[in-house]
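K.L.:
Any chance you can model this:
(chains A, B, C and D)
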Number of protein chains: 2
Amino acid sequence: MIRISKKVEYALIALKFISKSGDRVVTAREISDSTNIPYDLLSKILQKLKNENILASNQGSYGGYSLNKRPEDIPLLNVMNVLDGETAITECMIENHDIECCHTDTCSIKSPIIQLQKEFEELFRNKKISDFV
Amino acid sequence: MIRISKKVEYALIALKFISKSGDRVVTAREISDSTNIPYDLLSKILQKLKNENILASNQGSYGGYSLNKRPEDIPLLNVMNVLDGETAITECMIENHDIECCHTDTCSIKSPIIQLQKEFEELFRNKKISDFV
DNA sequence: CACAAATAGGACTATATTAGTCCAAATTAG
DNA sequence: CTAATTTGGACTAATATAGTCCTATTTGTG
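P.N.:
Numbering: from 1, shown residues only, chains lettered A, B, ... in the order given. Okay, here's the model as predicted:
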């Protein structure tokens, strides 16, 4: 059941919330309270987005998060990769995949899978956070 | 880690195998032996494809499977839906979804998600089994 | 300095999904 | 009748996702 993870879904909601808040920094608590996203989980998500320089953060009281890039410069694919790891449509598409696929000899669908992988990535790379704001 | 399931991967390999076999019926055992796909799992997959009229089957000895549609008339999305259930990019995209999303009031990303869902489906609907053969 | 409000992040648990296995029944050609 | 096959239910194992808990660190303010 191919699906976008909750983490990514929450990230989109949070990013929208932050981008609607102007220059003001926004706390994880604030987002959690107004969206019902579990606080602890949300914190992890925001931290990862910060480590990827999508968000900027200030610690300490009166701290919080703010956007570090323009929404139109943040591809959805980026957010997905940050939160859930590399987006590989099949196991054998994972880069540096050292586990030999047991179908290697017989698997003749590899090249169309590579093509599909490309189109898939393109779809999610062309979607920007601005499309969700 | 958004990914096509093994079931679908196996189905693609099996469908390719069958379509390469001309008019001859092909047994699950035969496919399993030459592709290393676990026999029991493969059987289930072929049965589901049969129930969906993508394959035709003959029981008994000298039985087996054959294509019931032209590869170019079988969308990948169909195979995915048959094997893994409805393809909904997020939980709230599942049709007749009666569980109220706890973000309903605050979730303002619904309309772009619907749009993404459409584009996603289009990608996988336009891919046909013939693209993998 | 002490405190409160934040981010930061490791470790863990619970739940759900996916993958795979086992078993028995029904069908059919020879 | 028998062997080869599809059919299909029930179960187990493995993996991934979602969520929780706890503690450390940072920093503005009284």
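
K.L.:
neighbouring contacts of the worst-scoring helix or strand of chain A on mean pLDDT?
P.N.:
Least confident helix or strand, chain A: helix A:110-126 with a mean of 92, by mean pLDDT, DSSP states H and E. For helix A:110-126, contacts defined as C-beta atoms under 8 Å, 6 or more residues apart in numbering or on different chains pick out A:75-78, A:80, A:87-90, A:92-93, B:76, B:119-120, B:123, B:127, B:131-132. In short, each C-beta sits where N, CA and C put it, glycine included.

K.L.:
make it 6 Å
P.N.:
Contacts of helix A:110-126 with the rest of the structure, by C-beta atoms under 6 Å, 6 or more residues apart in numbering or on different chains, involve A:75-77, A:89-90, A:93, B:119, B:123, B:131-132.

K.L.:
Buried among the residues you listed? Need that as a selection in PyMOL.
P.N.:
Selection of buried members from these for PyMOL, criterion 16 or more other C-beta atoms under 10 Å in any protein chain shown:
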select buried, (chain A and resi 75+76+77+89+90+93) or (chain B and resi 123+131+132)
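
K.L.:
In helices, which of the contacts of helix A:110-126 fall?
P.N.:
Per DSSP state H, helices hold the following members of the contacts of helix A:110-126: A:76-77, B:119, B:123.

K.L.:
Determine whether any part of the least confident helix or strand of chain A lies close to DNA strand D.
P.N.:
No: judged by C-beta under 7 Å from any atom of the strand, helix A:110-126 and DNA strand D are separated, with a smallest distance of 14.6 Å.

K.L.:
orientation of that helix relative to helix B:110-126 in degrees?
P.N.:
160 degrees (axes from the mean of the first three to the mean of the last three C-alpha atoms, to 10 degrees).

K.L.:
Which parts of chain A are strands?
P.N.:
Using DSSP state E, the strands of chain A run over A:55-58, A:64-67.

K.L.:
so which of the contacts of helix A:110-126 comes closest to A:Ala28?
P.N.:
A:Ala28 lies nearest to A:Leu76 out of these, by C-beta to C-beta, at 21.4 Å.

K.L.:
Now the closest one: closest residue in space, sequence neighbours ignored.
P.N.:
Excluding the flanking residues, the one nearest A:Leu76 by C-beta to C-beta, 6 or more residues apart in numbering or on different chains is A:Lys127, at 4.0 Å.

K.L.:
next one: A:Asp23
P.N.:
Nearest non-adjacent residue to A:Asp23 (C-beta to C-beta, 6+ apart): A:Ser66, at 7.2 Å.
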